[in-house]
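> Quick one, structure for this:
(one chain, ligands or ions: 2)
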Amino acid sequence: AQVVQAEFVKSSVRTEDCPSDGLPEFALVGRSNVGKSSLLNSLVRRKKLALTSKKPGKTQCINHFRINDSWYLVDLPGYGYAAAPQELRIDWHKFTKDYFLNRSTLVSVFLLIDASIPVKPIDLEYASWLGQNQIPMTLIFTKCDKRKKKKNGGKRPEENVQDFQELIRDFFQTVPPWIMTSSVTNQGRDEILLHMSQLRNY
Ligand code: GTP
Ligand code: MG
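Ligands and ions are numbered 1, 2, ... in the order given. Sure, this is the predicted structure:
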């Protein structure tokens, strides 16, 4: 399941403009700054294939990365970036939602949740929107390397993960598959790649 080859293919803002070779793909989605681009780099073992930033709002297009010449990882703009002008924000939602609903080669969405902070209602909203639209999803908890801090609610990542799972059970009656990760320690990397290979082969 390891990545031996990874290459950036293209940036798109419309679903119609995405690659048309029919290879299966997985999309990394989540709040701005949750660590989508960092996770992609961790999965492919390259530091700067996807561009990352301390400032939220770095990724602004649908970015396709071809892996082992046989499937795609897709880096998407984050949601919930309050500092972006309102119109830009709505547009992100429009084109990413269009992508989720109409991209036929999308095997599963990987919804990233920051495990170093308390549950954010907007993450629950996104999870429920994906669920209502029957888009297969895996929960990826990020930043599990971070220690608990008073200013971040004073809970350990494991406790924040448990809180999120309890709340999401209200929407789904069950909890989607989930993996705890860190792009700093590469925790969860092999587990994600194995999960993706299993999803591709059914
Ligand atoms: P947008 O493209 O703006 O939506 O953000 P993104 O979700 O792609 O986040 P990005 O990967 O750019 O990371 C945002 C910040 O979080 C950067 O400063 C990263 O170094 C940091 N970060 C990402 N993943 C981790 C992690 O697992 N642990 C820690 N400690 N920091 C992380
Ligand atoms: Mg990004």
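
> okay, CA-based contacts and neighbour counts for the rest of this
OK.

> Spell out whether the helix or strand where Val74 lies and ligand 2 are in contact.
Val74 is part of strand 71-75, with elements assigned from DSSP states H and E. No - against ligand 2, strand 71-75 shows no contacts by CA under 5 Å from the ion, the least distance being 6.7 Å.

> got the contact list for that strand?
23-29, 36-37, 40, 50, 59, 61-67 (CA atoms under 8 Å, 6 or more residues apart in numbering).

> So what are the sheet partners of that strand and their directions?
strand 25-30 (parallel), strand 62-67 (antiparallel) (DSSP bridges).

> Buried ones among the contacts of strand 71-75?
Buried by 16 or more other CA atoms under 10 Å: 24-29, 36-37, 40, 50, 59, 61-67, out of the contacts of strand 71-75.

> Quick one: distance of stretch 166-175 to the chain centre.
Distance of stretch 166-175 from the chain centroid (CA atoms, centre = their mean, to the nearest Å) equals 19 Å.

> Check which residues of that stretch are buried.
Those would be 168, 171, 175, for stretch 166-175 by 16+ other CA under 10 Å.

> quick revisit: in a markdown table: the strands paired with strand 71-75, plus distance to Leu106 and mean pLDDT.
Shown next, in a markdown table, are the strands paired with strand 71-75 (distance: least, CA to CA, whole Å; pLDDT from 0 to 100):
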| stretch | distance to Leu106 | mean pLDDT |
| --- | --- | --- |
| strand 25-30 | 5 | 95 |
| strand 62-67 | 12 | 95 |
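
> Bridged to Ile62, which residues?
Ser12.

> in a helix, that's where Phe164 is, yeah?
Yes - membership of Phe164 in a helix is supported by DSSP: H, G, I helix; E, B strand; the rest coil.

> how deep is the spatially closest residue to it that is not a sequence neighbour tucked in, by neighbour count?
In this structure, Phe164 finds its nearest non-sequential neighbour in Val119, 5.9 Å apart by CA to CA, 6 or more residues apart in numbering. Val119 has 19 neighbouring residues, counting by other CA atoms under 10 Å.

> tell me the pLDDT at Val119?
Among the per-residue scores, Val119 shows a pLDDT of 94.

> Cross-check the buried ones among the contacts of strand 71-75 against ligand 2 and keep the overlap.
37, 59.

> Restricting to the buried ones among the contacts of strand 71-75, which residues neighbour ligand 1?
36-37, 59 (CA under 6 Å from any ligand atom).
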